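In: All I have is the shape, not the residue letters:
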């Protein structure tokens, strides 16, 4: 059974909702999924990360990149990095922020860069964008994330109100895709 | 009088419309503005670039970064680069693409990187994002560009239909901002 | 047999040498390798790309990103992109430039972004950096590329003089790594 | 008198040495310089930042981007961001890491992105690279930073041993450049 660990930070609950949608999609695709909140990561969580076939990183975009809390976690991954423990694991990433575009791509760029330091193998959304005149806000991949899954929650929206349904559905499909690739890669 | 050169490429006419909106804003702010299409740049155009107080770069985002035609122009700027002819000029950038987010930020990152090689001084939008629940598509800076101005034109929209009015108004204000900063910087 | 296509541009011959080193490493690892110069790509070359298990992109860094010639090729990949013909292929990238650091990382970021638009799966160097006091210029991964393989050729060096031997050896190992991952991924 | 605030984080002392070199260069160019360690920033420090003509950000590159401690500080700048208190200040950035190249450029990209959110005006090194066959490790801008100043300290070097002298001299000239631009921009 393919094991997936989702290492995420959520400041106000929106990115947590996105993480849960990714988890739901990954579970539906047949994976054993662990949701790890990096703000209060435990020794057991680190062991889960070390054992996973795939690690999906998730963070809100704050002030132009992943949140400081997530970056503190990323710095702490220098421990498994030294012995390249995560080498050849499948990696992927997602982010949520208040604006349609903003600097979300910078966060995805960073999560990829982190994975590259670890020698991991990166999988993006594999989704076409919904960008026609007839496209609507809740279409799959309306924000058009390629390197990772994107979500948007208005700055004054509660976690109940955001991310929007289309972005959560995008997150689910994204979770499923990571499992498919990880499963294929693990085949003997 | 502050002189501004807008060096842009437009494949289908959408980015040209954005360039014209930037030009209109810069003119309204009192600048002498030259619109230069880099696909067919002339010796006179190069002289205009060399003489300008500010250069604003503009390109569509194709396959995840500025168009190939724009990049060919960027490579040709290695000539003024060798003698650092553009050093300390004001620089700025804008991009248009079909998706809400996509990889627009990558294009802005690149235009900044190009300007940095030239020793130029970079000015972004200086605009807050429109990202509340009540925000609507045609609000100023709805796409939330900070490093440069962003516009979106649906993939099946004609240049008459896109970029959308709010993005063009954003482009105008952006043009005006570049003139203000360039004028302040040129003061004796 | 794993098939690898290396789609590269070389302006003066240095990046070609790096491409040949990547090819040598991939061949030694058991792959069927095609070297494709994107400056004069043919219909047969496009068919080779469509059929490959892995595509490795390579370009010099000019004025802060991949060369204009390479970007023109990248724009032309919008044809296979429309039908997502390259989805789930293994992708990787390399770059050469005159400086130790410069903006090489920007080129690797771009090659990854291109691959993500195509729904490809990205593999980096998986190499630790040589960055101790005792490290020397020709150590493996002295430049410390993670997302892709890096090489440096002084601005006045002929292709016979650069890239330096250590960077070419790094390129060879990089080619071998891509084959290993592609082979594992193709297993049934 | 032009006022410059240097907001930096240093984990082991190397980036602190780089920050001090930037400060020395800025002082020699006639500025009133404040060195602010963001790991223990005070209310008085925030007031200094709010009052400065120019803010220079500095951080080590850890795991592919600015240190987590610096990013926590960057997130806290959302307070002046809300009222755009830093709008039109001059901004610049520097980073140190153990490798020659690595992901230093990613850190500079981030510091620029942060400044763009604040509506600041970005100044790079304005330096040509030292990348000829005859170039040596302690030449000015041997690492070839354009968007910001780069330094390298081997992973096992003490702060007394690294950054190397050439990188510290580069940092000094960089500090002086920021003052020149800030002084020109403040002219009435």
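Out: All right, it came through fine. Just so you know, these numbers come straight off a predicted model, no measurement behind them.

In: Stretch A:144-155 near chain C at all?
Out: Yes: Stretch A:144-155 reaches chain C (CB under 8 Å from any CB of the partner chain) through A:146, A:147. For every residue, glycine as well, the C-beta is placed using N, CA and C.

In: Show the average pLDDT along that stretch.
Out: Stretch A:144-155 shows a mean pLDDT of 96.

In: For that stretch, buried residues please.
Out: Neighbour-count burial for stretch A:144-155 flags A:144, A:145, A:146, A:147, A:148, A:149, A:150, A:151, A:152, A:153, A:154 (criterion: 16 or more other CB atoms under 10 Å in any protein chain shown).

In: Now residue A:93: which helix or strand?
Out: Taking DSSP states H and E as the definition, residue A:93 sits inside strand A:90-97.

In: Next secondary structure after that strand?
Out: Assigned by DSSP H and E, the successor of strand A:90-97 is helix A:104-117.

In: so that following helix versus helix D:104-117, what angle?
Out: 160 degrees (axes from the mean of the first three to the mean of the last three CA atoms, to 10 degrees).

In: relative orientation of helix A:104-117 and strand A:90-97 in degrees?
Out: 160 degrees.

In: Count the residues that sit near residue A:38.
Out: 24 (other CB atoms under 10 Å in any protein chain shown).

In: Report pLDDT for it.
Out: At residue A:38, pLDDT is 98.

In: Run through the buried residues of stretch A:144-155 and flag the ones next to chain D.
Out: Of the buried residues of stretch A:144-155, not one also sits near chain D (CB under 8 Å from any CB).

In: of those residues, closest to residue B:100?
Out: residue A:144 (6.1 Å; CB to CB).

In: what residues are up against the closest one?
Out: Residue A:144 makes contact with A:129, A:130, A:131, A:150, B:99, B:100, B:101, B:102, according to CB atoms under 8 Å, 6 or more residues apart in numbering or on different chains.

In: ok, residue A:8 touching residue A:14?
Out: No: in this structure, residue A:8 is not within contact of residue A:14 by CB atoms under 8 Å, at 11.0 Å.

In: More neighbours: which of these two?
Out: When residue A:8 and residue A:14 are compared for neighbours, residue A:8 comes out ahead with 28 against 25, by other CB under 10 Å.

In: Got phi/psi on that one?
Out: phi -130, psi 160 (degrees, to the nearest 10).

In: Quick one: name the residues of chain A near chain D.
Out: Residues of chain A lying near chain D (CB under 8 Å from any CB): A:62-69, A:71-75, A:77-78, A:81, A:103, A:106, A:109-110, A:113-114, A:116-117.

In: Quick one: buried ones out of the residues you listed?
Out: Buried members of the residues of chain A next to chain D, counted by 16+ other CB under 10 Å: A:62-69, A:71-75, A:77, A:81, A:103, A:106, A:109-110, A:113-114, A:116-117.

In: so who does residue A:43 touch?
Out: Taking CB under 8 Å, 6+ apart, one finds nothing in contact with residue A:43.

In: distance of it from residue B:174?
Out: Per CB to CB, to the nearest Å, residue A:43 is found 50 Å from residue B:174.

In: go on, residue A:75?
Out: Using CB to CB, one obtains 36 Å as the distance from residue A:75 to residue B:174.

In: go on, residue A:179?
Out: 43 Å.

In: Name the residue in the two with the higher neighbour count.
Out: Shown here are residue A:179 and residue B:174; by other CB under 10 Å, residue B:174 has more neighbours (29 against 25).

In: mind checking the SS state of the more buried one?
Out: helix (DSSP: H, G, I helix; E, B strand; the rest coil).

In: closest to chain D among the buried residues of stretch A:144-155?
Out: Closest to chain D out of the buried residues of stretch A:144-155 is residue A:147 (14.0 Å), distances taken as CB to the nearest CB.

In: Quick check on the closest one: phi, psi?
Out: Torsion angles, degrees, to the nearest 10, at residue A:147: phi -70, psi -30.

In: Surely it is in contact with residue C:112?
Out: Yes: using CB under 8 Å, residue A:147 is in contact with residue C:112, at 7.1 Å.

In: Find the residues that touch each one of the two.
Out: With CB under 8 Å, 6+ apart, residue A:147 and residue C:112 have common neighbours A:112, A:122.

In: quick one, helices of chain A?
Out: Assigned helices in chain A, in chain order: A:14-28, A:43-51, A:68-76, A:78-82, A:104-117, A:165-186 (criterion: DSSP state H).

In: Tabulate those helices (a markdown table), appending mean pLDDT and distance to residue C:25.
Out: Conversion of the helices of chain A to a markdown table gives the following (pLDDT from 0 to 100; distance: least, CB to CB, whole Å):
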| stretch | mean pLDDT | distance to residue C:25 |
| --- | --- | --- |
| helix A:14-28 | 98 | 34 |
| helix A:43-51 | 98 | 29 |
| helix A:68-76 | 98 | 30 |
| helix A:78-82 | 97 | 24 |
| helix A:104-117 | 97 | 19 |
| helix A:165-186 | 97 | 21 |
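
In: Would you point to the one among the ones you listed that's packed deepest?
Out: Mean neighbours per residue, mean count of other CB atoms under 10 Å in any protein chain shown, is largest over these for helix A:104-117, with a mean of 27.

In: how far does that one sit from the chain's center?
Out: Chain-centre distance of helix A:104-117: 11 Å, with CA atoms, centre = their mean, to the nearest Å.

In: Check stretch A:144-164 too.
Out: 12 Å.

In: before we move on, what about stretch A:82-100?
Out: 6 Å.

In: next one: stretch A:7-19
Out: Distance, centroid of stretch A:7-19 to centroid of chain: 10 Å (CA atoms, centre = their mean).

In: now the end-to-end length of it.
Out: The first and last residues of stretch A:7-19 sit 9 Å apart, counting by CA to CA, to the nearest Å.

In: and what of stretch A:109-127?
Out: First residue to last in stretch A:109-127 (CA to CA) measures 17 Å.

In: Tell me if it is near chain C.
Out: Yes: judged by CB under 8 Å from any CB, stretch A:109-127 and chain C are in contact via A:109, A:112-113, A:116-117, A:119, A:121-127.

In: Just name the closest of the residues you listed to chain B, please.
Out: residue A:109 (8.1 Å).

In: OK, contacts around the closest residue in space to the closest one that isn't next to it in sequence?
Out: Leaving out its chain neighbours, the residue that sits closest to residue A:109 by CB to CB, 6 or more residues apart in numbering or on different chains is residue C:109, at 6.2 Å. Residues in contact with residue C:109 (CB under 8 Å, 6+ apart) are A:109, B:106, C:147.

In: quick one: residue A:64 from residue A:105, how far?
Out: If you go by CB to CB, the gap between residue A:64 and residue A:105 works out to 10 Å.

In: now swap in residue A:32 and tell me
Out: Distance, residue A:32 to residue A:105, by CB to CB: 31 Å.

In: Around chain B, pick out the residues from chain A.
Out: Going by CB under 8 Å from any CB, the residues of chain A near chain B are A:64, A:98-106, A:129, A:131-133, A:135, A:142-146, A:150, A:152, A:154-157, A:161.

In: Could you list which residues are in contact with the residue lying closest to residue A:62 once chain neighbours are set aside?
Out: Distances taken as CB to CB, 6+ apart put residue D:75 closest to residue A:62, at 4.8 Å, once the chain neighbours are dropped. Under the criterion of CB under 8 Å, 6+ apart, the neighbours of residue D:75 are A:62, A:63, A:67, A:68.

In: Who is the first one paired with across the strands?
Out: Which is residue A:62. residue A:65 (DSSP bridges).
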